[in-house]
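# Next input, structure requested:
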Amino acid sequence: MSHPVLLVIAHGSRDPRHAATVHALTERVRAQRPGLRVETGFLEFNAPSVPRVLERLAAEGADEVIALPLLLTRAFHAKTDIPSVLREARARLPRLHIRQTDVLGPSPLLNATLGRRLREAGVRPGDLPRTGLVLASAGSTDPEAIAVIAEIARELRHTGWCAVRPAFASAPLPRTEDAVRALRAEGVARVAVAPYVIAPGRLPDRIAAGAEAAGADVLADVLGPAPELARLLLDRYDEARVPVGASLPA
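All right, here's what the predicted structure looks like:
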């Protein structure tokens, strides 16, 4: 029996860096799992759209697809947009079995990716006791998503940082620059900003601008096509294709 197709669903952006990063990530997923068919679909702005990918897969004879939202929290897109798109596809393509995975976060692998990007930006383990961290996410009006970011910030505080503050590029406050300035006001000597976003675009640019305006000492890159993130996509895929209580063959 062939493996289900993995369909990675990204939001899409007018910024070409977004789609390029998503494709680089899916290429890394393919490299980690040779033989697995991995497709990419976008909700808006970029092609191919999710419905077009599913129609093509059905026409090619695929019988099972695992749809993975490329999202870090369960907010509007995960709860409403993507389920609606997949529901409509199931009605049009009744022979194609489509399952949706959970979102990516929270996960230790995401924290590991954050750590990778911070190290690449120049943060060393010995710096943490005198460095404050701003965990800067895109933001959401969904209370569940906001609470997840706050909880991740609390967890990171126990990994050696002298302080950790969440920040948001849209919707809730504080903004990145506000969080940086608040840490300065508390006497933190060095401040690093870690974007908790997957790909470049308008909101990550807003995070970077806020970090620069407030004089942050370190600005890490977006999570991007990191090997830990690719591993997480495969973990979510495996969780979705194995019934609860069962296990994958060795």
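
# Give me the phi and psi for the residue of the chain most remote from its centre.
In the chain, Gly187 marks the outermost C-alpha relative to the chain mean, sitting 31.5 Å out by Cα atoms, centre = their mean. Gly187 adopts backbone torsions of phi 90, psi 10, taken as degrees, to the nearest 10.

# Where do the strands of the protein begin and end?
Taking DSSP state E as the criterion, the chain carries its strands at 5-10, 38-42, 64-69, 97-100, 131-137, 163-168, 190-196, 218-219.

# Quick check: which of these is buried the most?
The highest mean neighbour count among the strands of the chain, using mean count of other Cβ atoms under 10 Å, belongs to strand 131-137: a mean of 28. For the C-beta atoms, the positions are set from N, CA and C on the backbone; glycine is no exception.

# and the residue lying closest to Leu156 once chain neighbours are set aside, what pLDDT?
Closest residue to Leu156 apart from its sequence neighbours, by Cβ to Cβ, 6 or more residues apart in numbering: Val164 at 4.7 Å. For Val164, the model assigns a pLDDT of 98.

# wait, what's in contact with Val164?
132-135, 153-154, 156-157 (Cβ atoms under 8 Å, 6 or more residues apart in numbering).

# Quickly note the distance from it to Arg33.
According to Cβ to Cβ, to the nearest Å, Val164 and Arg33 sit 33 Å apart.

# so how far is Arg28 from the residue minimising distance to the centre of the chain?
Geometric centre of the chain, nearest residue: Leu72, 4.0 Å, by Cα atoms, centre = their mean. Note on Leu72: its distance to Arg28, by Cβ to Cβ, is 17 Å.

# Helices along this protein, start to end?
Here the chain has its helices, by DSSP state H, at 16-32, 50-59, 76, 82-92, 108-120, 143-157, 176-185, 202-213, 227-241.

# buried ones in the longest one?
Of the residues in helix 16-32, those buried by neighbour count under the rule 16 or more other Cβ atoms under 10 Å are 18-19, 21-23, 25-26, 28-29.

# I'd like to know how many residues surround Thr141.
Thr141: 11 surrounding residues under other Cβ atoms under 10 Å.

# picking up where we left off before, pLDDT at the residue nearest to the centre of the chain, what is it?
Listed pLDDT for Leu72 reads 97.

# what do you get for Ala250?
38.

# Dump the contacts of Val164 to a markdown table, plus distance to Tyr237 and pLDDT.
Output for these, formatted as a markdown table (distance: Cβ to Cβ, whole Å; pLDDT from 0 to 100):
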| residue | distance to Tyr237 | pLDDT |
| --- | --- | --- |
| Gly132 | 36 | 98 |
| Leu133 | 30 | 98 |
| Val134 | 31 | 98 |
| Leu135 | 26 | 98 |
| Ala153 | 28 | 97 |
| Arg154 | 29 | 96 |
| Leu156 | 26 | 97 |
| Arg157 | 31 | 95 |
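
# Among these, which one lies nearest to Ala192?
Closest to Ala192 out of the contacts of Val164 is Leu133 (5.3 Å), distances taken as Cβ to Cβ.

# What spatial separation is found between that closest one and Asp102?
Separation of Leu133 from Asp102 (Cβ to Cβ): 26 Å.

# Could you do Pro16 as well?
29 Å.

# just Asp15 next, same as before
Per Cβ to Cβ, Asp15 is found 27 Å from Asp102.

# Leu118 is nearest to which of the strands of the chain?
Leu118 lies closest, by Cβ to Cβ, to one member of those: strand 190-196, at 5.7 Å.

# which residues are contacting that closest one?
By Cβ under 8 Å, 6+ apart, the surrounding residues in contact with strand 190-196 are 72, 110, 114, 117-118, 121, 123, 127, 130-138, 149, 152, 167, 176, 180, 183-184, 204, 207-208, 210-211, 214-223.
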